[in-house]
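Enquirer: Could you work out the structure for the sequence below:
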Amino acid sequence: MLPWKRLLRPLTALLLAIAATAVPAATAATTAHAATASSRGGWNDYDCEPSAAHPRPVVLVHGTFGNSVDNWLGLAPYLKHRGYCVFSLDYGQLPGVPLLHGLGPIDRSAEQLSAYVDRVLAATGATETDLVGHSQGGMMPRYYLKFLGGAAKVNALVGIAPSSHGTTLAGLTELLPFFPGAEDLLTAATPALAQQIVGSDFMTKLNEGGDTVPGVRYTVIATRYDEVVTPHRTQFLSGPDVRNVLVQNLCPLDLSEHALLGLTDRIAFHEVANALDPAHAAPTTCASVLG
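Expert: Here you go, the predicted structure:
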């Protein structure tokens, strides 16, 4: 066997393992308990009526290897407590892979998001929604906005550590050309991982002609300690109605990396709230962790 063939599977396994740090896997029991909690007075309440103060429902879009519950155990209650109607979907499921989603082709995941937004708008009677996504969930909605007519139904997109222009996984993806067949293996097993590599056909199509579409406000919230979407500055978007935020500029003490930024970081959560209601935005500081 040629040396590169012996190294192919370990390299691919390493890429998968690093990508999996985007959202820690939970046990089935924990997920079932959390799902029950979310439907009882929490989020995903289809009887929720948007208020005059917060007239748009918020749809939360999980990241790669995430799901509609585990990714949002921190942010969903945070927004619900502030009076928002909050919803979350599962997308990008692969056959035989429970709990860990966001792995299927991203264009098909965007179609799932489109159908889910329609369901939320029909249930709440709202004409627009706001989208908040973590990692792939902050990038995939841009395909929906750009190619599937989503801009007419979305007021704002907030991306937390989004893979806006793909990732190098701290340089590891740059090794793929030295291992013939590695990218093909990634594409076949987990399409969304391959599509999020810098320079992929998907990323080229998504960002061709500009990062944004008219009529949608964009916010990107990033951390300089991100080890999954690298370099972190590639998360930022260019275009009108864009606000790019580095949390360390708001609180130098914030040490959150990729996963924690979406899971527990209340500095990031405060910025999400500001992005959803800019008319009543309050300065974000280290003290925002207490809010």
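Enquirer: Quick one: neighbours of Glu227, just the number.
Expert: Residues near Glu227, counting by other Cβ atoms under 10 Å, number 15. C-beta here means a position set from N, CA and C on the backbone, and glycine is covered the same way.
Enquirer: Equivalent analysis for the one 4 residues further on, please.
Expert: By other Cβ under 10 Å, the residues close to Pro231 number 14.
Enquirer: Model confidence score at the residue nearest to it when sequence neighbours are not counted, please.
Expert: Nearest residue to Pro231 in three dimensions, chain neighbours excluded: Thr168, at 7.2 Å (Cβ to Cβ, 6 or more residues apart in numbering). Per-residue pLDDT puts Thr168 at 83.
Enquirer: Quick one: neighbours of Thr168, just the number.
Expert: Neighbours of Thr168 (other Cβ under 10 Å): 16.
Enquirer: can you check Gly42 too?
Expert: Number of residues near Gly42 (other Cβ under 10 Å) recorded here: 18.
Enquirer: Likewise for Pro50?
Expert: As a burial measure, Pro50 scores 17 neighbours (other Cβ under 10 Å).
Enquirer: Just the buried residues of the longest helix anywhere in the chain, please?
Expert: Using DSSP state H, we find that the single longest helix of the chain is helix 106-124. Buried residues in helix 106-124, counted by 16 or more other Cβ atoms under 10 Å: 106-107, 109-114, 116-117, 120-121, 123-124.
Enquirer: now swap in stretch 70-89 and tell me
Expert: Quick answer for stretch 70-89 (16+ other Cβ under 10 Å): 70-73, 75-76, 78-80, 82, 84-89.
Enquirer: now swap in stretch 271-278 and tell me
Expert: Buried residues in stretch 271-278, defined by neighbour count with 16+ other Cβ under 10 Å: Glu271, Val272, Ala273, Asn274, Ala275, Leu276, Asp277.
Enquirer: Extract the CA atoms of it and return them as PDB.
Expert: Provided in PDB are the C-alpha atoms of stretch 271-278 (Å, rounded to 0.1, in the frame of the first residue of the first chain):
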ATOM      1  CA  GLU A 271     -25.000  41.100  20.900                       C
ATOM      2  CA  VAL A 272     -27.600  38.800  19.400                       C
ATOM      3  CA  ALA A 273     -30.300  40.700  21.300                       C
ATOM      4  CA  ASN A 274     -28.900  44.000  20.100                       C
ATOM      5  CA  ALA A 275     -29.000  42.800  16.500                       C
ATOM      6  CA  LEU A 276     -32.600  41.600  16.800                       C
ATOM      7  CA  ASP A 277     -33.700  44.900  18.300                       C
ATOM      8  CA  PRO A 278     -31.200  47.600  17.300                       C
END
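Enquirer: ok, and what's touching that stretch?
Expert: Around stretch 271-278, the neighbours that count as contacts under Cβ atoms under 8 Å, 6 or more residues apart in numbering are 53-54, 56, 58, 75, 78-79, 82, 84, 130, 132, 156, 158, 160, 217, 219, 221, 243, 245, 247, 250, 281-282, 284.
Enquirer: Select from those every entry located in strands.
Expert: Val58, Asp130, Val132, Ala156, Val158, Ile160, Arg217, Thr219, Ile221, Arg243, Val245 (DSSP state E).
Enquirer: okay but Ala126 is in contact with Pro55, surely?
Expert: Yes: under the criterion of Cβ atoms under 8 Å, Ala126 makes contact with Pro55 at 6.5 Å.
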